[in-house]
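# Output the structure for:
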Amino acid sequence: MSKGQQSQEQLSELEKAMDVIIDVFHQFSRREGDRDTLTKKELKMMIDKQLANYLKHVKNKATIDQIMKDLDVNKDAQISFGEMMLLVTRVTCATHEHLHEVEDHQHQHQHQHQHHH
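Reported below is the predicted structural model:
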């Protein structure tokens, strides 16, 4: 089934998001080496281009070397799609927490200014 046929079906928001993650992975994984894994160079490029804003929310901003070491579970110096998903999951969870912190902060602010009697 080619990608063209797939897009005929109405994908949900979440399915579209999954599709985009897969597409982004392939945009970078095809550049060098194995077409379905990321080399360290490809990983760095993907992070620079695709995670520049959200990676800031991860409390300990690890270096690319550290991220590579963390993700490369089977130690083959390549990041598979599954391994890349660990990074996406981590960053997504950190961003989710960050958004709550921002909301809480705004919420406290609003309460200080409203006096209901």
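# what helix or strand is the residue nearest to the spatial centre of the chain on?
Centroid check for the chain by Cα atoms, centre = their mean gives residue 88 as the closest residue, at 3.2 Å. If you go by DSSP states H and E, residue 88 is part of helix 81-113.
# Next, the buried residues of that helix.
Within helix 81-113, the residues scored as buried using 16 or more other Cβ atoms under 10 Å are 83-85, 87-88, 90-91, 94-95. Placement of C-beta: from N, CA and C, glycine included.
# The nearest residue to residue 68 once chain neighbours are set aside: what's it in contact with?
Using Cβ to Cβ, 6 or more residues apart in numbering and skipping residues adjacent in sequence, the residue nearest residue 68 is residue 40, 5.3 Å away. If a contact means Cβ atoms under 8 Å, 6 or more residues apart in numbering, then residue 40 has 64-65, 68, 77 as its contacts.
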